[in-house]
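[1] A predicted structure for the sequence below; I have some questions about it.
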Amino acid sequence: MKVAEVPPVTEGLNEVRLLGHVSAPATVRELPSGDEVVSLRLVVPRDKRRTPTGPTVDVIDVSCWSPSSRRSALGLAEGDRVEVQGALRRRFFRTGAGVQSRYDVEARGLKRVRART
């Protein structure tokens, strides 16, 4: 396996690149702050050579905060094959049970690779 060359980084590196298909149309949510976030789920097949047993896909939540990434996400349809570039984020939120957290990918860019067939 060839490893991509990474430029020298002094502070750290948080880059995610995904290729999969959209599981359902994106949803828009308005936060109490008035900000809007567009969310979608991406189904990414696992490499069968590395995981011959067990789950065959990962379902990954993707959040779109910038105007351009929100527009791109809203233009996608269920089944579209998409490349997502972004960063892994841990989000904290309050529920009746207290503070909880979850991970998602904050999309910097989304590109339709192939429309649903």
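    That came through, no problem.
[2] Check which residues of stretch 28-38 are buried.
    By 16 or more other CB atoms under 10 Å, the buried positions in stretch 28-38 come out as 37-38. All C-beta spots, glycine's among them, are computed from the backbone N, C-alpha and C.
[3] Nearest residue to the middle of the protein?
    Geometric centre of the chain, nearest residue: residue 62, 2.9 Å, by CA atoms, centre = their mean.
[4] so where is this protein shaky, pLDDT-wise?
    1-4, 6-7, 9, 117 (pLDDT under 70).
[5] Ramachandran coordinates for the residue nearest to the centre of the chain?
    Per-residue torsions, residue 62: phi -120, psi 130 (degrees, to the nearest 10).
[6] List the residues that contact it.
    Neighbouring residues of residue 62 by CB atoms under 8 Å, 6 or more residues apart in numbering: 18, 39-42, 73, 84, 86, 104-107, 110.
[7] Return the member of these nearest to residue 93.
    Nearest to residue 93 out of the contacts of residue 62 is residue 104 (CB to CB; 11.6 Å).
[8] re the thing from before, ok, now how distant is the residue nearest to the centre of the chain from residue 28?
    Counting by CB to CB, to the nearest Å, the separation of residue 62 from residue 28 is 14 Å.
[9] How about residue 64?
    In terms of CB to CB, residue 64 sits 10 Å off from residue 28.
[10] go on, residue 49?
    Residue 49 is 38 Å from residue 28, by CB to CB.
[11] which outside residues touch the longest strand along the chain?
    Scanning the chain for the strand with the most residues, using DSSP state E, yields strand 98-114. Residues from elsewhere that reach strand 98-114, judged by CB under 8 Å, 6+ apart: 16, 18-19, 39, 42, 60-66, 68-69, 72-73, 75-76, 80-94.
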